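**Q** Sequence first, predicted model second:
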Amino acid sequence: MLYHLFPHLNPMLAILVIGPILAGLAAIAGKELRLHPIWPTIVSLFIPLLFIWKNLYTLQNNLDAWVIYGFAYAAITLLVYKFAKKGKVRG
């Protein structure tokens, strides 16, 4: 889906740089919102769909890549969630 917005985007940049950054941001947002760690992890499982889903045929052919990268991003999310500091309530 991101390739519709950025047609000349390098796939390695998307998978190795942008994906883990989005997973880390999901973990930090979950920590700031004081969510259970499973919710940011579920969000990070769907991050690879931003890169590999153009239509249903593409999704069916890249289902294994979605699972592999989804679990890798989920692991990154859990690590960032574990080591991120808790947000303080301002008031």
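**A** Great, that's in hand. For clarity, every value in this text was computed on a predicted model and none was experimentally measured.

**Q** Could you list the residues in contact with the helix or strand bottoming out on mean pLDDT in the chain?
**A** In the chain, the helix or strand scored least confidently by mean pLDDT, DSSP states H and E is helix 2-5, which has a mean of 75. With C-beta atoms under 8 Å, 6 or more residues apart in numbering as the contact definition, helix 2-5 has outside contacts at 9, 14, 18, 50-51, 54. Every residue, glycine included, has its C-beta placed from N, CA and C.

**Q** which stretches of the protein have low pLDDT?
**A** Counting by pLDDT under 70, the ranges of the chain that qualify are 1, 87-91.

**Q** just the helices in it please.
**A** Counting by DSSP state H, the chain has helices at residues 2-5, 11-13, 19-32, 38-45, 49-52, 56-61, 63-83.

**Q** So which bits of the fifth one are buried?
**A** Neighbour counts using 16 or more other C-beta atoms under 10 Å place 51-52 of helix 49-52 among the buried residues.

**Q** before we move on, back to that, distance to residue 38 added to the contacts of helix 2-5, as a markdown table?
**A** Listed next are the contacts of helix 2-5 as a markdown table, based on distance: C-beta to C-beta, whole Å:
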| residue | distance to residue 38 |
| --- | --- |
| 9 | 30 |
| 14 | 25 |
| 18 | 23 |
| 50 | 20 |
| 51 | 23 |
| 54 | 29 |
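
**Q** Nearest to residue 65 among the residues you listed?
**A** Proximity of the contacts of helix 2-5 to residue 65 was ranked by C-beta to C-beta; the top entry is residue 51 with 8.8 Å.

**Q** Might you report the residue contacts of that closest one?
**A** 1-3, 11, 14-15, 19, 69.

**Q** Repeat the analysis, applying 7 Å as the threshold.
**A** 2, 14-15, 19 (C-beta atoms under 7 Å, 6 or more residues apart in numbering).
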